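Colleague: can't give you the sequence, but here's the structure:
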């Protein structure tokens, strides 16, 4: 094997130079920190958000918004979508909605809104209904069932 045949292993990580190991290392005595001053001390670094003593950006911006931790998320479906996807006299529940890719999760809560018209009688089982949706479903000859 000759020197020219050797390949450099680019993936191998190079070790960092060790500091404070005597004058022969090139990083002895002050270990690259200079003489005295804040940055020479242990823990003498300012945090990255420090802006030289002026008020931080986070403190300058106004407090906005409110996050309600008790909020209930509903997957909203309109009657026009159900009218297109389902045949007459079929049952619309979470299981069939997942099969037709109208709802992603089986834990999802569903609310039916009265947007569009319903020409077919459907039995719809959901968590919530708008008043107009209930009227249109019953007018088309369908049933409404609320999940508790």
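Modeller: That came through fine. As the structure is a computational prediction, the values presented were derived from the model and not from experiment. Numbers count the residues shown, from 1 in each chain.
Colleague: Give me the buried stretch members for stretch 19-29, please.
Modeller: Neighbour counts over stretch 19-29 (16 or more other Cβ atoms under 10 Å) mark residue 27 as buried. Yep, even glycine has a C-beta here, placed from its N, CA and C like the rest.
Colleague: That one: end-to-end distance?
Modeller: Stretch 19-29 stretches 9 Å from its first residue to its last (Cα to Cα, to the nearest Å).
Colleague: again, but for stretch 125-137
Modeller: Length of stretch 125-137, first residue to last, Cα to Cα: 12 Å.
Colleague: For that stretch, what is the distance to the chain centroid?
Modeller: The chain centre lies 30 Å from the centre of stretch 125-137; the measure is Cα atoms, centre = their mean, to the nearest Å.
Colleague: likewise stretch 11-26?
Modeller: Centroid separation for stretch 11-26 versus its chain: 42 Å, with Cα atoms, centre = their mean.
Colleague: Quick one: find the helix or strand in the protein with the lowest mean pLDDT.
Modeller: helix 57-60 (a mean of 90; mean pLDDT, DSSP states H and E).
Colleague: Can you spell out which helices and strands pack onto whichever helix or strand comes after that one?
Modeller: Reading on from helix 57-60 to the C-terminus, the next helix or strand found by DSSP states H and E is strand 74-78. Secondary-structure packing of strand 74-78 (3 or more Cβ pairs under 8 Å, 6 or more residues apart in numbering; DSSP states H and E): strand 109-113.
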